[in-house]
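Undergrad: sequence and predicted structure are below.
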Amino acid sequence: MENRYLLKDDKLNNFIPIPLSLLDSKLSSTTLLVYGCLLGRGVLSQRNGWYDQNGAIYVRYTAPQLAKDLGKGKSTVKASLKELESAGLIERRRMGLTMTNIFIKVPWTSESGQYSDHMGQKSDLHKPENNTYRGQNSSPSEVRKPDPSKYKRVNKTFNNREYIVREGESF
């Protein structure tokens, strides 16, 4: 890869967006990278129309895929997702057995209607007025039989025969 100067007409693509307000937060650097990847996917979700009935953008990004994209371990990524959830920056909602929608929240100041310049307490984060979710209806999962094991049990019957071994013979 060759490096060159950034020119005035260049568009920056394939970069991880991280809000400057989060750089002063107590979030770990891995958590900031995870959040940046989720924001990048959020931009794609905006373009593709992935939003709920309230207009909230969501992404579908599994922890193993996120770990692979960042070159981190699954447990590290899962810990970062929990950290983001406890900071109020994402909300995960299960949509079936294996699918999870991740709703991304951004630091927001309600007075100006702009993104905040510094990360404050949880109260500075954009929160909906009513905490009830009115988005997609999640129906109960269909109960199915468990998948059979890779290895099938074979009923083996042994014949109880007595073999007489004479001297000099082998099986």
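TA: Here it is on my side, so go on.
Undergrad: drop to CA atoms for contacts and neighbour counts, all remaining ones
TA: Fine.
Undergrad: shaky segments in the chain?
TA: For the chain, residues meeting the criterion pLDDT under 70 lie at 109-166, 168-171.
Undergrad: now the strands for it?
TA: 58-59, 90-94, 100-104, 108-109, 114-115 (DSSP state E).
Undergrad: so can I have a markdown table of those strands showing distance to S75?
TA: Output for the strands of the chain, formatted as a markdown table (distance: least, Cα to Cα, whole Å):
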| stretch | distance to S75 |
| --- | --- |
| strand 58-59 | 20 |
| strand 90-94 | 17 |
| strand 100-104 | 17 |
| strand 108-109 | 29 |
| strand 114-115 | 31 |
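Undergrad: can you tell me which of the ones you listed is most buried?
TA: Mean neighbour count (mean count of other Cα atoms under 10 Å) peaks for strand 58-59 among the strands of the chain, with a mean of 25.
Undergrad: now the end-to-end length of stretch 15-32.
TA: In stretch 15-32, first residue to last residue: 13 Å (Cα to Cα, to the nearest Å).
Undergrad: out of the strands of the chain, nearest to D10?
TA: Of all the strands of the chain, strand 114-115 sits nearest to D10, with 24.8 Å by Cα to Cα.
Undergrad: that'll do, ta.
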